[in-house]
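[1] No letters, just coordinates:
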């Protein structure tokens, strides 16, 4: 069972992102405040769950959370400020939507740009340790997967409905053959050999 909080007696939000390593699509972050007594034995790092269970948990998290929000940063913004800053910006955008405002943040990973007036702790592999971070990882991933499935309908070559924009062999081969889409991150190494890409 995942831990219910990092600091007892404070309104605490868990934060995580999805899509940092993708070649296409936005980076998406979620922030979640769970009730202190919330428990679900299935809750875990989203990457360790099946799609079916992730979607079941998403519905429950959205129903049971005291507050939650999902936000994204576009590929063009990523290219402008870099993926690490974009990940933190997405988290900040999610935090702006929470009501009540959390008193403390727990963030998956080892780095974070401080959010004004709210203390935070970074927790490596936090999505497998704390319930609110795991919940955030599930919301971020399911939201982003759904978005990439929708984008795939207009850009079927890249198989985003299967790879969600990650650098699979088929995705890279589609870039080689068809060039890039408006959703590709042009600051990323889209092809291993850095060959010329059609725009």
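    Received it, and whenever you're ready, just let me know what you need. Note that the coordinates shown come from a computational prediction; the quantities given were computed from them, not determined experimentally. Residues are numbered from 1 along each chain as shown.

[2] Who are the packing partners of the lengthiest helix in the chain?
    For the chain, the longest helix by residue count, based on DSSP state H, is helix 131-154. Here helix 131-154 touches strand 12-18, strand 27-33, helix 51-64, strand 67-73, strand 104-108, helix 160-163, going by 3 or more Cβ pairs under 8 Å, 6 or more residues apart in numbering; DSSP states H and E. Yep, even glycine has a C-beta here, placed from its N, CA and C like the rest.

[3] what angle separates the fourth one from helix 51-64?
    Using axes from the mean of the first three to the mean of the last three Cα atoms, to 10 degrees, one finds that strand 67-73 and helix 51-64 are set 120 degrees apart in direction.

[4] who's in contact with strand 67-73?
    13, 26-33, 61-62, 86-87, 89-91, 93-100, 135-136, 139-140, 143-144, 147 (Cβ atoms under 8 Å, 6 or more residues apart in numbering).

[5] sorry, back to before: quick one: mean pLDDT over the longest helix of the chain.
    For helix 131-154, mean pLDDT is 98.

[6] And stretch 86-95, by the same measure?
    Per-residue pLDDT values across stretch 86-95 average out to 98.

[7] one step back: identify each buried residue in the longest helix of the chain, please.
    131-145, 147-148, 151-152 (16 or more other Cβ atoms under 10 Å).

[8] Stretch 124-144: how far from the chain's middle?
    Put simply, stretch 124-144 sits 8 Å off its chain's centre (Cα atoms, centre = their mean, to the nearest Å).

[9] And residue 11, how far from residue 113?
    From residue 11 over to residue 113 the distance is 20 Å, taken as Cβ to Cβ, to the nearest Å.

[10] Looking at these two, which is more packed in?
    Neighbours per residue (other Cβ atoms under 10 Å) separate residue 11 from residue 113, with residue 11 holding more: 17 against 13.

[11] ok, back up a step: would you list the buried entries among the contacts of strand 67-73?
    So, by 16+ other Cβ under 10 Å, the buried ones in the contacts of strand 67-73 are 13, 26-33, 61, 86-87, 89-91, 93-95, 98, 135-136, 139-140, 143-144, 147.
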